[in-house]
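**Q** Please work out how this folds:
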Amino acid sequence: MRRSVGLLFGVANYGDHVVGYVDSDFAGDHDKRRSLTGYVFILSGSAISWKATLQATVALSTTEAEYMAIAEAVKEALWMRECYTFD
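**A** Predicted coordinates for the structure are as follows:
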């Protein structure tokens with residue numbers, strides 16, 4: 001991944017952390033001109049969630065493609081935080 005953004009949250013009281021990485025490319029699909037998005041979340045050295053797909057809409061810039069990718073990854077991170085956080 002050329003650029004990555006770390007997303008971090010604790011899991012229960014085990015001292016482990018989930019780390020997320022996200023990346024996209026601008027207009028990687030040459031036929032539809034849509035960007036590719038990918039993310040992976042890692043817990044204790046193992047991937048627990050990942051996705052690689054075309055973005056739903058056409059991005060007009062690299063920045064917009066990255067922003068849409070980060071938004072997708074954050075939605076997944078928030079969902080996982082609810083699943084793995086025990087109060």
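**Q** Just grab the bridge partners of residue 53 for me.
**A** Beta-bridge partners recorded for residue 53 (DSSP bridges): residue 37.
**Q** all strands for this protein, in order.
**A** 7-11, 16-25, 36-43, 46-54 (DSSP state E).
**Q** what about stretch 22-33, start to end distance?
**A** One end of stretch 22-33 sits 20 Å from the other (Cα to Cα, to the nearest Å).
**Q** no no, stretch 38-51
**A** First-to-last residue span, stretch 38-51, Cα to Cα: 5 Å.
**Q** Average pLDDT for that stretch, rounded please.
**A** If you average the pLDDT over stretch 38-51, you get 92.
**Q** Going by neighbour count, which residues of that stretch are buried?
**A** Under the neighbour-count criterion of 16 or more other Cβ atoms under 10 Å, stretch 38-51 has 38-41, 43, 49 buried. Using the backbone N, CA and C atoms, a C-beta is placed for each residue, glycine as well.
**Q** Quick one: those residues as a markdown table, columns for distance to residue 70 too.
**A** Shown next, in a markdown table, are the buried residues of stretch 38-51 (distance: Cβ to Cβ, whole Å):
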| residue | distance to residue 70 |
| --- | --- |
| 38 | 12 |
| 39 | 9 |
| 40 | 14 |
| 41 | 13 |
| 43 | 20 |
| 49 | 15 |
